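A.B. asks: please work out how this folds:
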Amino acid sequence: MKRDVLKRYRKDGFTLTMYDTHRQDWRRQTIIAFRFLDRGKLIFEGSDFAGSPMHADDSLDTVASLLSFLSLQPGDTDAEYFDKYTPEQMEWCRGFRADELRMLQMELEERCQKRAR
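C.D. replies: You can find the predicted model right below:
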């Protein structure tokens, strides 16, 4: 499968790389593959994210949206959301770095909202 880098976002030891899968969802939105690393260690990898039709695939708004999913912790949503997480991913989600990612995501989202006004 051909994958072109759409965006690489680095901050505070986190690296999110988003790839164009050259596929679309039912809304005709690009299906984005991604790799998320924390201090060089792979935490999440997937090929099932599609952003909002209101934002470009490579925008900071789309980065913030994806980070919002990656920073979810038990108690934030239905327990079934975490069914396919590995024990290592669950440990990461319950840790301090997941909290740091959530704060970074919220700051990025706020910055995007201010820019849109």
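
A.B. asks: list the contacts of the least confident helix or strand in the chain by mean pLDDT.
C.D. replies: One helix or strand of the chain scores below all others by mean pLDDT, DSSP states H and E: helix 96-116, with a mean of 93. By Cβ atoms under 8 Å, 6 or more residues apart in numbering, the residues outside helix 96-116 that reach it are 11-12, 14, 38, 59-61, 63-64, 67-68, 70-71, 73, 92. Bear in mind the C-beta positions are built from the backbone N, C-alpha and C, glycine included.

A.B. asks: in the lengthiest strand in the chain, what counts as buried?
C.D. replies: Secondary structure assigned by DSSP state E gives strand 14-24 as the longest strand of the chain. Buried residues in strand 14-24, counted by 16 or more other Cβ atoms under 10 Å: 14, 15, 16, 17, 18, 19, 20, 21.

A.B. asks: quick one: strands adjacent to it?
C.D. replies: Here strand 14-24 has these sheet partners by DSSP bridges: strand 4-11 (antiparallel), strand 30-38 (antiparallel).
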